[in-house]
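S.K.: here is my input; please provide its structure:
(chains A and B, ligands or ions: 4)
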Amino acid sequence: MAKVLGAVTVNQERCKGCDLCVVACPTKVLALQPKEVNNKGYHFAYMQNPEACIGCSSCATVCPDGCIEVYRVIVK
Amino acid sequence: MTIEEIIKPENRVYAKPRLLNDNNMHYCPGCSHGVVHRLIAEIVEEMGIEDKTIGIAPVGCAVFAYNYVDIDWIEAAHGRAPAIATAVKRLNPSRMVFTYQGDGDLAAIGTCETIHAANRGENIVIIFINNGIYGMTGGQMAPTTLEGMKTSTTPYGRRIDLNGYPLNITSLVAQLDGTCYVTRQAVHTPAAVRKTKNAIKQAFQNSMDGKGTSLVEIVSTCSSGWKMTPVQANKWMEENMFAKYPLGDIKNTVKQ
Ligand SMILES: Cc1ncc(C[n+]2csc(CCOP(=O)(O)OP(=O)(O)O)c2C)c(N)n1
Ligand code: SF4
Ligand code: SF4
Ligand code: SF4
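M.R.: Numbering: from 1, shown residues only, chains lettered A, B, ... in the order given. Ligands and ions are numbered 1, 2, ... in the order given. This is a model prediction of the structure:
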């Protein structure tokens, strides 16, 4: 059966740590950095659970700052 | 397959639209303005009308919209965007002309311009960000503020006996013969964002086709003004704003 593999990149400096992508992700891939902050002082989003990503773009669709790029591969 | 093998240009399915430039937007974290800016950039790019689009920016938090979306913009005095849009569209009928306005801008100081531009059926699009508050100036009550909603000028909540009823200006505008498409949307979930994108796209097409005035209200959050996190604000909006401002098309006279 074909399997969908996804991955995202987050523009860390653009991210404002709003958490909306974390909540929108259906497979709980994303989280906010617990300690590290960017130059604006925000706890930016990152892939905490990269294996779970299905490349659905839900996170990028709700991101107010256009920080997220989404990649998807279908493996036969 | 490793993550490095997935993250390759040929596998990219979403990226920030080119017309949303690299300037950091000044909006607070999670602000709905950002999502709508991104959608406008995506739509203008997809419709191929980058050189034909003229936006009229408001007074309000979106006063700097021209710094972020790389199209032609004019900055209007508070509330006057529909009047400027009227002139721009009449002088340049081949252009896609839209205003971008908050509820203070559109439904308080600019009520006259909003109603009359829509009643004249100007071939413009009005994008209406309804966050129920004056965001930019520190969260004062707007005409759209809900009953009981706390703002800096209604610290105990809006009172109908003192402040009157929340103004549902979108439903009012839908009554006017000049409007062809009036819809209310939101951007709090991926599905809602997609619907809003389709709505703005149709509205932009209506302006190009000269069908009359289109108004797209986007029920929005102002987490700073509401004093909530962005996630809490979305939830509060669903539970409170949507009852007074229900989502969906209110009027569509344009055959699909
Ligand atoms: C003629 C005039 N009156 C008042 C103001 C002050 N002012 C600036 S923004 C604003 C309200 C904006 O609220 P809204 O349209 O809801 O937009 P938001 O900031 O919430 O996006 C006001 C009253 C002004 N700039 N010009
Ligand atoms: S693309 Fe989908 S699965 Fe992957 S992180 Fe984004 S929301 Fe989650
Ligand atoms: S939605 Fe965007 S700005 Fe908000 S935390 Fe996620 S990547 Fe950062
Ligand atoms: S004050 Fe409100 S409307 Fe203005 S940028 Fe902040 S969250 Fe957005």
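
S.K.: only C-alpha atoms from now on, for both contacts and neighbour counts.
M.R.: OK.

S.K.: quick one: the residue in chain A positioned nearest to ligand 1 from B:Asp105, how far?
M.R.: Of the residues in chain A, the one nearest ligand 1 is A:Pro64, at a distance of 14.3 Å by C-alpha to the nearest ligand atom. For A:Pro64, the distance to B:Asp105 (C-alpha to C-alpha, to the nearest Å) stands at 22 Å.

S.K.: check whether stretch B:52-66 contacts chain A.
M.R.: No: looking at stretch B:52-66 against chain A by C-alpha under 8 Å from any C-alpha of the partner chain, there are no contacts, and the closest approach is 13.0 Å.

S.K.: tell me the mean pLDDT over that stretch?
M.R.: Mean per-residue pLDDT for stretch B:52-66: 97.

S.K.: contacts for it?
M.R.: The contact list for stretch B:52-66, computed with C-alpha atoms under 8 Å, 6 or more residues apart in numbering or on different chains, reads B:27, B:33, B:37, B:44, B:71-81, B:84-85, B:94-102, B:104-105, B:134-137.

S.K.: can you rerun that using 7 Å?
M.R.: The contact list for stretch B:52-66 (C-alpha atoms under 7 Å, 6 or more residues apart in numbering or on different chains) reads B:71-79, B:81, B:85, B:95-102, B:105, B:135-136.

S.K.: for the closest residue to B:Val187 other than its chain neighbours, grab the count of nearby residues.
M.R.: Nearest residue to B:Val187 in three dimensions, chain neighbours excluded: B:Val193, at 4.5 Å (C-alpha to C-alpha, 6 or more residues apart in numbering or on different chains). Counted by other C-alpha atoms under 10 Å in any protein chain shown, the residues lying close to B:Val193 total 21.

S.K.: where's B:Val193, which helix or strand?
M.R.: helix B:190-209 (DSSP states H and E).

S.K.: near ligand 2, anything from that helix?
M.R.: No: against ligand 2, helix B:190-209 shows no contacts by C-alpha under 6 Å from any ligand atom, the least distance being 9.2 Å.

S.K.: which SSE is immediately downstream of that helix?
M.R.: According to DSSP H and E, the helix or strand after helix B:190-209 is strand B:213-219.

S.K.: just the mean pLDDT for that next one, thanks.
M.R.: pLDDT averaged over strand B:213-219 gives 98.

S.K.: the residue nearest to B:Val187 contacts B:Ala199, correct?
M.R.: No: counting by C-alpha atoms under 7 Å, B:Val193 stays clear of B:Ala199, with 9.8 Å between them.

S.K.: what does the stretch 1-150 of chain B have sitting close to chain A?
M.R.: Counting by C-alpha under 7 Å from any C-alpha of the partner chain, the residues of the stretch 1-150 of chain B close to chain A are B:3, B:6-7, B:11-16, B:24, B:29-32, B:34-35, B:38.
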